[in-house]
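**Student:** Got a predicted structure plus its sequence, pasted below:
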Amino acid sequence: MFESLSELVPPLPSIAVFSPGALEYTEVLVMREHDNLTLVCEVRGDNKPRHFFWNYLPDVGAANEPLQVVPSGPTSSSKLTKADLQVSDSGQYICSTPPYSHKKYVLVQTKGEFAVK
């Protein structure tokens, strides 16, 4: 027979957005100007290939902007990279793969600024 409820009901899939090498559970990622950004988006608990979409909502200025990523076809995860970050790149980076969506706030600071991480 079953020893626990987890054997009967598998965990629900969830989506995660993280930067390799950074603390995964934080919602804010602090970067320095001229650093390179890598964000990975994956659905956990469901490994079927999916279409991923990235959007960027800047702190100031323009409205929500779709971002182009490769590959664009069905895959189990998606990676967004951005080289030579500028302070103007600060904002919400949103990964979606219906019916899931998750965002990570990226704060880009100049070399002389100090932030509590």
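**Tutor:** Looks like it arrived, so ask away.
**Student:** contacting residues for the one residue sitting closest to the centre of the chain?
**Tutor:** For the chain, the residue nearest the mean C-alpha position is V17 (3.0 Å; Cα atoms, centre = their mean). Listed by Cβ atoms under 8 Å, 6 or more residues apart in numbering, the contact set of V17 reads L39, V40, C41, Y93, C95, H102, K103, K104. C-beta: built from backbone N, CA, C; applies to glycine.
**Student:** switch to 10 Å and redo it
**Tutor:** 24, 27, 29, 39-42, 54, 78, 80, 93-95, 101-104 (Cβ atoms under 10 Å, 6 or more residues apart in numbering).
**Student:** so which helix or strand takes in it?
**Tutor:** strand 14-18 (DSSP states H and E).
**Student:** Parallel or antiparallel, list what pairs with that strand.
**Tutor:** strand 37-44 (antiparallel) (DSSP bridges).
**Student:** Which strands and helices lie in contact with the very next helix or strand once past the partner strand?
**Tutor:** As assigned by DSSP H and E, the chain's next helix or strand after strand 37-44 is strand 53-58. Using 3 or more Cβ pairs under 10 Å, 6 or more residues apart in numbering; DSSP states H and E, the elements in contact with strand 53-58 are strand 37-44, strand 65-67, strand 77-82, strand 91-97, strand 100-109.
**Student:** what angle do strand 53-58 and strand 37-44 make?
**Tutor:** In terms of direction (axes from the mean of the first three to the mean of the last three Cα atoms, to 10 degrees), strand 53-58 departs from strand 37-44 by 130 degrees.
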